[in-house]
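Asker: From the sequence below, what's the structure:
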Amino acid sequence: MRGKVAGQRGTDNVSVIANRHFHLRHPASVTNCPGADSALIHRMLLAPRYLPRLAATVGLFTRYGLRDLASRQGFQAIAPDEFELPEDEATEIASRARAFRKRLVELGPAYIKLGQVLSTRPDLLPEPYIVELERLQDDVGAIPLADIETVIEEQLGARIGKLFSSFESKPIGTASLGQVHGAQLRDGRAVVVKVQRPGIRDALAEDMEFFREFAKFLTAHTQAGERIDMLGVVHQLERALADELDYRIEARNAMSFRRSLAGFPHLLIPRIIEGYTAERVLTSERINGVKIGAVPPVARTEHDFTTLADEFAKAYLKQITIDGHFHADPHPGNVFIVLPGRENPSTPGELAAADRRTEQRPASTVLSKIEQAAQREAESPPAGDDQVRLALIDFGMTAHLSNSLREGVVRLLLDLADNRGDAAAETLILLGQPTETFDRSSYVREVAALVSRNYDRAIGEIRAGTLIYEMLNISYQSGLRLPAELTLLAKALFNLDAVSKALDPTYAPFEAVREFGDKIAAARAKRELSPGRLYQVITQTSDLMNSLPRRIDTITARLAANEFAVRLDTPQLPLLMEGLQKVANRIFTGLVLCGLCIASAMLLNVHPVLGTTGFVIAGALGLWMVITILISDRRTPRR
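Answerer: A predicted model of the protein is given here:
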């Protein structure tokens, strides 16, 4: 029941959901906010209803050992001294990071989600805080059973006694956005029911409105705002919450992964019970397993956990490199060991093997169509196979990679697996946006040295997630802004390392990358040679050949008539001319003031009154000029 940071796109219109829940503007209008009226931002941020949130948020940047970071990033000017903790209360950085995490939980659901977003941003917080936020849990009180029943009956349109043969009153888990209960359907299937907290949307909407105004202020007035897309962080948080507030998105994610991973017979993703799922209620099959850290030692001697770790790693490589849609939070709490002999849901392969029907009934809903496709594409387990299985749950946090970004990620992983640090650095440069202070040669050297150091480690010590986190940190320090999806990828690989290590401490994920390289190449070739892609290439080539003679004739005709021209765009020239005009105006005003002062001094002996009047006028004009310069310079937006 951890909250999630979603990179979900494509399964639903994120902008529509976000607008409905949080009254968002279009992302483009949010991003272009730095030119907004600074005075208006100040008034909105200092509104009485925002003051408690402002004090709490500023305190997060100035307490818990982050005061030096706040000073470096330009937050110090808005941080009162009373937010500083005494030195003897926070001497250990680990305890400070722990206190930081606990404070986020105290501040409520929006701050918990903010912490989970920050856990994917090593460019914003030091590594100990990132590690601590990875363990961020929603430690909140339980919802009364009467409220749970009300939400279920409103969403599903029936009384809870008619929906379930039994419903556990004690929750399995509680979180800031919802609560999970165990239940049993009328047909005897064991299920888990996740129910959203009543009134949570209104509370989150107010917090998100404050976060937007605070991000605008930081963008306009802090050093961090110049280097980091603060509004992008808030937009990422809004998108995450919008996805989590609609359980139908998580249901579709779960079924999509159930189909995508159907070719891995030892991976189990519980099926969504579609008739018992709505916007605020999610029902899925119940997993009867144990967490990875609680596996009995005797089970490790009876079953091959190395094979399980290899299948798990390759499944994630398929999600990232072939599908471009991956589960971004495979932390140990979301992964269960399913031992043989226990009653559990079946995988698509097992269902397909047990189905004796000669003709399938056509599916009538989206999720049932996905399930039928999963069973058709599934790989059946070997006969008599009693291998231990791995179950994945909770798909609120997913990420999509665009085609270009996916190709870059594939190159990056293959470069890391083959110890090509220089090539990995060049790949990151192509994926990112260098700032004015970016030093390419120095950056390539640092990344290459980092990759070499990790490659020389023992097999069991190489951690792909940690390595990418370190590369992201070097990128930030060097002035290279990378896509937010890479932070989610690093988070996924970091948790993948943790799961693989728990299954087999000697397992090396980069070995799986090398072995999976052939499948990546085959999938890419299949995608490029698909009928749709070939038709697109043929169509584009035909259009080019049809228009080529006309274009060549137009070019040669203009050359013959001496009408061929080259246009040079200089986007910075208007700014330069504006600056030169301002300098010329100030020089001219200064010369006028100088002449007025000299004339007044010469008139003092002949006409004292007239000379004194001239000095007063010159002084007033000079004061007006100074004040005007100061005000105009402060109001000029940073470019």
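Asker: Would you mind listing the buried residues in the helix or strand hosting residue 317?
Answerer: Under DSSP states H and E, the secondary-structure element containing residue 317 is helix 305-317. Buried residues in helix 305-317, counting neighbours by 16 or more other Cβ atoms under 10 Å, are found at 305, 308, 309, 310, 311, 312, 313, 314, 315, 316, 317. Placement of C-beta: from N, CA and C, glycine included.
Asker: what's whichever helix or strand comes after it packed up against?
Answerer: Next in sequence after helix 305-317, counting helices and strands by DSSP H and E, comes strand 325-327. Using 3 or more Cβ pairs under 8 Å, 6 or more residues apart in numbering; DSSP states H and E as the contact test, the elements touching strand 325-327 are helix 247-260, strand 398-400, helix 484-503.
Asker: can you do 7 Å?
Answerer: The contact analysis (3 or more Cβ pairs under 7 Å, 6 or more residues apart in numbering; DSSP states H and E) places strand 325-327 against strand 398-400.
Asker: what mean pLDDT does the strand it packs on have?
Answerer: Confidence over strand 398-400 (mean pLDDT, whole number) is 83.
Asker: The strand or helix carrying residue 180 pairs with which strands, parallel or anti?
Answerer: Counting by DSSP H and E, the secondary-structure element that holds residue 180 is strand 178-185. The pairing partners recorded for strand 178-185 under DSSP bridges are strand 164-167 (antiparallel), strand 173-174 (antiparallel), strand 190-196 (antiparallel).
Asker: Can you list the buried residues in it?
Answerer: By neighbour count with 16+ other Cβ under 10 Å, strand 178-185 contains the buried residues 178, 179, 180, 181, 182, 183, 185.
Asker: give me every residue that touches the nearest residue to residue 114 once chain neighbours are set aside.
Answerer: If you skip the residues right next to it in sequence, residue 114 has residue 237 as its closest partner in space, 5.9 Å away by Cβ to Cβ, 6 or more residues apart in numbering. Contact partners of residue 237, counting by Cβ atoms under 7 Å, 6 or more residues apart in numbering, are 113, 114, 117, 211.
Asker: pLDDT for the residues you listed - can I get that in a markdown table?
Answerer: Written out in a markdown table, the entries for the contacts of residue 237 read as follows (pLDDT from 0 to 100):
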| residue | pLDDT |
| --- | --- |
| 113 | 76 |
| 114 | 77 |
| 117 | 72 |
| 211 | 80 |
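Asker: Neighbour-wise, which one of the residues you listed leads?
Answerer: residue 113 (29 neighbours; other Cβ atoms under 10 Å).
Asker: That residue against residue 242, yeah?
Answerer: No: using Cβ atoms under 7 Å, residue 113 makes no contact with residue 242, being 10.9 Å away.
Asker: returning to what we had before: for the buried residues of helix 305-317, give me a markdown table that also has distance to residue 145.
Answerer: Formatted as a markdown table, the entries for the buried residues of helix 305-317 read as follows, by distance: Cβ to Cβ, whole Å:
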| residue | distance to residue 145 |
| --- | --- |
| 305 | 39 |
| 308 | 38 |
| 309 | 40 |
| 310 | 44 |
| 311 | 40 |
| 312 | 37 |
| 313 | 41 |
| 314 | 43 |
| 315 | 38 |
| 316 | 38 |
| 317 | 43 |
